[in-house]
Each structure stands twice: as C-alpha cells, then as structure tokens.
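1. quick one, what's the 3D model for this:
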Amino acid sequence: MSWYIWLIVAIVCFIIETFTVEFTFLMLGGSALIATGVAFGTESIVWQVLAFSLAALVLILFARPWALKKMNPKGAAAGNVYGQVGKAARTLTGVDERSGRVKIGGDVWSARSVGGLIPEGSDVVVVQIDGATAVVAPRPPQP
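-> Predicted coordinates for the structure are as follows:
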C-alpha cells in the first residue's frame, strides 16, 4: 500500500471527526498518519498495517480518554446547562415555587424556588436545572 493511500485515509478520518467530535476518528486519523510515515520507510504492507493497528490501539485506549476528560471535565452528562448547578445567582424578581427570574453569571433565567418566596435582590444558589428553569434555594450565609 502506498503512502498516499494512508494519507487519504487520515484526511477522511479527520473530516469525519469534524462531524462526530468524539475523538475516535481523530485517533484513527493519527494512526493513519503514523502508517503514512512507515510507508515511506518500507513497502511492506504487514509493517504498515501493524503500525496503524498499534498506534490506533494506543491512541484510543490512552489518548482518547485524556482528550475527552480535558474537553468535558464533568463528564458526558454535564453540558453548559447542567454546569449551572451549584453556581451563585441573584434574583431579579421575587421567586416562588412557580415562577421568577434570576441572573446566573451574565444570563437571565426563568426560575422557581425550592420552597417559599425568595425576595427580589436575594443571593441564591442553583440546586437543579429543570428544562429551561433554574431551581434555586436561598444562599446560606458565608461565615
């Protein structure tokens, strides 16, 4: 197998990775680049496939989990919305069990309280995200 075929495989893997963003095809593309380098040194298909296989195994088992952890340290279930849990907020209106508005960081959210009325201008903490609504509780006093 010639080096250019491995290079084409690498480019196709990188293109697929732009649509999946799971780092699997990125690792396979990297492995194909390693196989491209081996193909420059030898025409033996056995060595090329062996280099691709070993590189893919190492990259998928070790580099992929590291990359996934660096990109999303809270895990797959936590995106931007669920990352709001635990953050401090300030009420913009009175917040009760049914409705209200809070400001979390620079964003205004619909909100409801865990229990009871929380007056406007109070410091609260986000305890849960329910759809597009932040469930808040009064922030405990800081010692």
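
2. what's in contact with the helix or strand bottoming out on mean pLDDT in the chain?
-> Least confident element among the helices and strands of the chain, by mean pLDDT, DSSP states H and E: helix 64-71 (a mean of 85). Contacts with helix 64-71, where a contact means C-beta atoms under 8 Å, 6 or more residues apart in numbering, come from E22, F23, T24, L26, M27. For the C-beta atoms, the positions are set from N, CA and C on the backbone; glycine is no exception.

3. and if we set it to 7 Å?
-> Contacts with helix 64-71, where a contact means C-beta atoms under 7 Å, 6 or more residues apart in numbering, come from F23, T24, M27.

4. partners of the following helix or strand past it in the sheet?
-> The first helix or strand that comes after helix 64-71 along the chain, using DSSP states H and E, is strand 88-91. With DSSP bridges as the test, strand 88-91 is paired with strand 101-104 (antiparallel), strand 123-130 (antiparallel).

5. export the first one to CSV, keeping only CA atoms.
-> It refers to strand 101-104. Output of strand 101-104 as CSV, limited to C-alpha atoms (Å, rounded to 0.1, in the frame of the first residue of the first chain):
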residue,chain,number,x,y,z
ARG,A,101,-36.3,35.4,37.2
VAL,A,102,-32.7,35.1,38.3
LYS,A,103,-29.4,36.2,36.8
ILE,A,104,-26.7,33.4,36.7
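
6. average model confidence for that strand?
-> Strand 101-104 comes out with an average pLDDT of 93.

7. before we move on, what about stretch 133-143?
-> The average pLDDT within stretch 133-143 is 85.

8. residues of that stretch that come out buried?
-> By 16 or more other C-beta atoms under 10 Å, the buried positions in stretch 133-143 come out as A134, V135, V136, A137, P138.
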